[in-house]
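A.B. asks: Fold the following, please.
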Amino acid sequence: MSHPEQVALVRVAPSPPLRPLVQSLWCLDTRAGDWSDQAAFMHPDGGTSLILSYGAPLGLASTPGQGLIWVPAVPQSGQMLPAAGRYAFGVRFHPAGVRALWDCPVPEINDALLSARAAAPLRELHERMALLPDTRSRLAYLDQWLLKHLRPQRASPAVSGTVQALRAMKSLPEVLADVPLSRRALERRFLMEVGMSPKQFARVARVASARRLLKQPLPQRPSQAWLAQQLGYFDEAHFIRDFQRVVGLTPGRYARRQSS
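C.D. replies: A predicted model of the protein is given here:
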């Protein structure tokens, strides 16, 4: 999320055994203080999220207020208004990491399926965390719950290799040359385990790399032309179109927001 000073967001690393599957655990708490109408961006990286919400609605599309919320892998950035009264905890999974919790195809996971498959353990988790005294103890309990319930199931070698290669800025043709599957077979497996296509993930991965570099202060911040070349784009215009398609802002406007 950008503008962290406007969002009471605490993010912690999971226990070492969870790190191949889970990126982070987090808490968002806006129950005290004054909050502006400046939107906080939620940028895609191919991961998915499980959210336990206790306060006002989070401002995400089609999500309730209190309860369990599923956030799938998405190809575009979303926004969340940091209004007062929000109190939620989340688990951010690596691409395909959530399959250690539920082994069904990732595109089939939704709020209803999540409740039907794991209603009792998740309801107990939600209720027990509400009884704990503070944010630190709730995050610790969430970590321990994941250690108990995550199974050692990981992405198939073809999918995990493709994720690593695309994050290393390899092109899809290069990836396919190294994967012992046809393009169609890889696309089906990747969609089942990650929740988006390899092409969508490649775009998200390149834009994520660009975002990291655009956060650097001047004069270290690279130019758009340099980024386009380093990230394997045909030209600068193609890079700008892809960036805007994912983030909703041009690279230049995004960089200016980071400086403000």
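
A.B. asks: Low-confidence ranges, the stretch 151-260 of the chain, go.
C.D. replies: 153-154, 260 (pLDDT under 70).

A.B. asks: Helices of that one, start to end?
C.D. replies: 157-167, 172-178, 183-194, 198-214, 224-230, 236-247, 251-259 (DSSP state H, counting those that start in this stretch).

A.B. asks: between the third one and helix 157-167, how many degrees?
C.D. replies: Computed by axes from the mean of the first three to the mean of the last three Cα atoms, to 10 degrees, the angle separating helix 183-194 from helix 157-167 equals 90 degrees.

A.B. asks: helices or strands up against helix 183-194?
C.D. replies: Judged by 3 or more Cβ pairs under 8 Å, 6 or more residues apart in numbering; DSSP states H and E, the packing partners of helix 183-194 are helix 157-167, helix 198-214. Bear in mind the C-beta positions are built from the backbone N, C-alpha and C, glycine included.

A.B. asks: Just put those in JSON lines and tack on mean neighbour count.
C.D. replies: Converted to JSON lines, the helices and strands packed on helix 183-194 look like this (neighbours: other Cβ atoms under 10 Å):
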{"stretch": "helix 157-167", "mean neighbour count": "19"}
{"stretch": "helix 198-214", "mean neighbour count": "20"}
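
A.B. asks: Columns distance to residue 130 on top of the ones you listed, output as CSV?
C.D. replies: Putting those into CSV (distance: least, Cβ to Cβ, whole Å) gives the following:
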stretch, distance to residue 130
helix 157-167, 35
helix 198-214, 34
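
A.B. asks: To residue 41, which of those lies closest?
C.D. replies: Residue 41 lies closest to helix 198-214 among those, at 9.6 Å (Cβ to Cβ).

A.B. asks: Nearest to residue 58 among the helices and strands packed on helix 183-194 would be which one?
C.D. replies: Among the helices and strands packed on helix 183-194, the nearest to residue 58 by Cβ to Cβ is helix 198-214 (21.6 Å).

A.B. asks: Now do the closest one against helix 183-194: the angle between them, please.
C.D. replies: Going by the same axes, to 10 degrees, helix 198-214 makes 60 degrees with helix 183-194.

A.B. asks: on contacts alone, who are the packing partners of helix 198-214?
C.D. replies: Using 3+ Cβ pairs under 8 Å, 6+ apart, helix 198-214 sits against helix 157-167, helix 172-178, helix 183-194, helix 224-230, helix 236-247, helix 251-259.

A.B. asks: Looking at those helices, spot the one closest to residue 49.
C.D. replies: Smallest distance to residue 49 across those (Cβ to Cβ): 13.8 Å, for helix 183-194.

A.B. asks: Can you list the buried residues in that closest one?
C.D. replies: Applying a neighbour-count criterion of 16 or more other Cβ atoms under 10 Å, the buried positions in helix 183-194 are 186, 187, 189, 190, 191, 192, 193, 194.

A.B. asks: What distance do you get for the fourth one to residue 172?
C.D. replies: What that stands for is residue 190. In this view, residue 190 and residue 172 are 11 Å apart by Cβ to Cβ, to the nearest Å.

A.B. asks: Then the fifth one?
C.D. replies: Distance, residue 191 to residue 172, using Cβ to Cβ: 14 Å.

A.B. asks: and if you look at residue 205?
C.D. replies: 11 Å.

A.B. asks: so residue 70 sits in a strand?
C.D. replies: Yes - counting by DSSP: H, G, I helix; E, B strand; the rest coil, residue 70 is found in a strand.

A.B. asks: Could you measure from it over to residue 250?
C.D. replies: Counting by Cβ to Cβ - residue 70 and residue 250 are separated by 31 Å.

A.B. asks: And those two? Which one has more around it.
C.D. replies: Ranked by neighbour count (other Cβ atoms under 10 Å), residue 70 and residue 250 place residue 70 first, with 17 against 14.

A.B. asks: so what's the more buried one scoring on pLDDT?
C.D. replies: Residue 70 carries a pLDDT value of 89.

A.B. asks: Contacts only, for it.
C.D. replies: 48, 49, 50, 51, 109, 110, 111, 114 (Cβ atoms under 8 Å, 6 or more residues apart in numbering).
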